[in-house]
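**Q** Below are the sequence and a predicted model for it; my questions follow.
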Amino acid sequence: MKNIPEQVHTALKMLSDAGFEAHIVGGCVRDYLLGRTPDDYDITTNALPEQTREVFRDFRCIDVGIKHGTIAAIINGMQLEITTYRIDGSYKDKRHPESVSFSTNLEDDLSRRDFTINAMACDSSRQITDCFEGKKDLENKTIRCVGDASVRFDEDALRIMRAIRFASQLGFTIEPETEKNIFSLKSTLSMISAERLRTELDKLLCGKAVYDILTKYHQVLSVFIPEITETVGFDQHSTYHSYTVWDHMARSVMNAPCDRTIRLTMLLHDISKPECFFLDKKGKGHFKGHPEKGAKKAEIILRRLKYDTKTIKTVTTLIKYHDHEFRSRQDIKKVMSMIGAELFFTLIDVQYADGVSKKEQYTSPINDLTWVKEQAEDILRKHECLSIRELDINGNQLEAEGYSGAQIGILLKSMLDAVLEDKLNNSCSELLEYAKRITK
């Protein structure tokens with residue numbers, strides 16, 4: 001294991017020099033073995049919390065989880081969580097142990113962890129302790145619970161989401177016994193906070209195997225997003241689609257840029273198709289109004305999962321416009337004016353992911369989007385007016401001409417609409433003449 005930060009080496013050495021065992025443990029070991037740089041480092045030791053605090057007495061220490069044996073030491077700007085080997089008590093809330101007892105045995109500590117790939121430890125000499133064949137499972141690209149899967153998931157239901165999230169991120173397969181218990185215990189996810197589920201969902205959606213996971217484990221997601229159930233297996237009866245609604249949405253997530261907001265949008269963009277579906281006399285399926293209804297339904301889902309206001313606004317706006325057809329430069333300017341230039345280019349990414357996920361040979365929207373993007377870039381390059389504040393006139397000037405109150409706002413809005421439609425040049429003289437003409 002190369003490139004372990006100096007602060008981590010310092011912590012391991014200080015504990016070792018004081019006569020204690022010390023290892024980095026969990027995800028950082030897994031990531032090193034995968035050739036990835038860890039985001040953070042956890043240390044486990046047989047030193048009791050008060051002994052750990054004494055070892056790091058010359059550094060700032062925080063009792064971040066003293067009840068569970070965790071001390072955070074700030075070493076040269078890096079916060080390291082150092083936890084005493086422990087054995088967890090019962091998990092009555094399906095999330096946290098009611099109590100813990102400290103141990104002097106590293107294997108006791110590793111045996112309480114979720115998956116074998118997260119149950120390895122490494123000491124300062126780079127010697128790996130692997131009691132549950134985590135390294136082998138890494139090599140075989142397998143997600144497997146430590147010990148009895150039913151016990152692991154019964155202790156902490158969030159591990160169900162963590163399992164499918166890791167499978168999505170790493171492109172791993174979940175071994176049969178672990179998978180069986182994921183399905184049999186999925187309902188316990190209802191006991192987990194929305195914030196925790198949201199965090200795992202975000203990471204899952206940005207995984208490289210997201211399509212496989214969404215299509216295989218939709219029943220798990222439906223525990224906290226039951227709205228997706230109706231989309232699964234729903235035949236669209238459309239010449240433009242060769243996939244069911246859920247399959248199409250899963251493909252569109254996979255085909256979207258690896259951005260949380262865009263992938264959330266693709267996950268939910270057609271969520272209202274089943275309720276909007278009708279067949280015409282020729283047996284062709286239609287979904288009139290599904291973008292608007294989908295945006296409203298998505299807002300309900302995202303609020304339930306405690307997403308922030310900005311994310312909710314962005315995702316619902318993208319869903320509302322995801323099916324919009326751009327037939328003219330004027331139409332492009334109107335939408336850019338309504339949602340903003342930056343979000344407009346995100347909308348192009350959304351429409352691209354949507355288009356390539358309909359059927360293999362359905363490429364015309366992709367070609368159209370190239371033109372749309374070129375037009376949008378040209379509009380920005382030429383600094384064409386897209387908002388009231390960019391008009392070559394303002395409220396004070398209109399007031400000076402004798403207009404007042406609400407009339408000014410109405411005039412400015414009307415002027416902007418005319419400029420966006422290329423019916424009026426954005427010049428002060430023409431705008432004033434326009435105002436006089438429509439207020440006669």
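**A** Ah, there it is. Numbering: from 1, shown residues only.
**Q** drop to CA atoms for contacts and neighbour counts, all remaining ones
**A** Noted.
**Q** Can you give me the distance of the residue nearest to Asp202 when sequence neighbours are not counted to Thr199?
**A** Of all residues not flanking Asp202 in the chain, Arg260 sits nearest, at 6.1 Å (Cα to Cα, 6 or more residues apart in numbering). Separation of Arg260 from Thr199 (Cα to Cα, to the nearest Å) stands at 11 Å.
**Q** What helix or strand is the residue most central in space within the chain located in?
**A** Closest to where the C-alpha atoms of the chain average out (Cα atoms, centre = their mean) is Asp202, at 2.4 Å. Assigned by DSSP states H and E, Asp202 falls within helix 194-205.
**Q** and that helix, what other elements does it pack with?
**A** In this structure, helix 194-205 packs against helix 158-170, helix 260-268, with contacts taken as 3 or more Cα pairs under 8 Å, 6 or more residues apart in numbering; DSSP states H and E.
**Q** So which residues of the stretch 151-300 of the chain form strands?
**A** For the stretch 151-300 of the chain, the strands defined by DSSP state E, counting those that start in this stretch occupy 173-174, 278-279, 285-286.
**Q** now these as JSON lines including distance to His68, mean neighbour count and mean pLDDT?
**A** Output for these, formatted as JSON lines (distance: least, Cα to Cα, whole Å; neighbours: other Cα atoms under 10 Å; pLDDT from 0 to 100):
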{"stretch": "strand 173-174", "distance to His68": "30", "mean neighbour count": "20", "mean pLDDT": "98"}
{"stretch": "strand 278-279", "distance to His68": "57", "mean neighbour count": "14", "mean pLDDT": "88"}
{"stretch": "strand 285-286", "distance to His68": "56", "mean neighbour count": "18", "mean pLDDT": "86"}
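**Q** In CSV: those strands, plus distance to Glu374.
**A** Formatted as CSV, the strands of the stretch 151-300 of the chain follow (distance: least, Cα to Cα, whole Å):
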stretch, distance to Glu374
strand 173-174, 42
strand 278-279, 35
strand 285-286, 30
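**Q** And those strands: which comes nearest Gln407?
**A** Closest of these to Gln407 is strand 285-286, at 41.7 Å (criterion: Cα to Cα).
**Q** Could you spell out the sheet neighbours of that closest one, each with its direction?
**A** Strand 285-286 pairs in its sheet with strand 278-279 (antiparallel), by DSSP bridges.
**Q** what residues does the strand it pairs with touch?
**A** With contacts defined as Cα atoms under 8 Å, 6 or more residues apart in numbering, strand 278-279 is touched by 237, 285-287.
**Q** What is the distance between the worst-scoring helix or strand of the chain on mean pLDDT and the centre of its chain?
**A** When the helices and strands of the chain are scored by mean pLDDT, DSSP states H and E, strand 285-286 comes last with a mean of 86. In terms of Cα atoms, centre = their mean, to the nearest Å, the centre of strand 285-286 is set 30 Å apart from its chain centre.
**Q** Over the helix holding Asp202, what's the mean pLDDT, rounded is fine.
**A** Mean pLDDT, computed over helix 194-205, is 98.
**Q** which residues touch the residue lying closest to Lys141 once chain neighbours are set aside?
**A** Spatially, and ignoring its direct neighbours in sequence, Lys141 is nearest to Phe172 (4.7 Å; Cα to Cα, 6+ apart). Neighbouring residues of Phe172 by Cα under 8 Å, 6+ apart: 141-143, 166.
**Q** rerun that using 10 Å as the cut-off
**A** Counting by Cα atoms under 10 Å, 6 or more residues apart in numbering, Phe172 makes contact with 137-138, 140-143, 163-166, 208-209, 213.
**Q** for these, which one is nearest Asp378?
**A** Nearest to Asp378 among the contacts of Phe172 is Lys208, at 34.0 Å by Cα to Cα.
**Q** Test my guess that that closest one contacts Cys258.
**A** Yes: if you go by Cα atoms under 10 Å, Lys208 and Cys258 touch, sitting 8.9 Å apart.
**Q** That's all I had, so thanks and see you.
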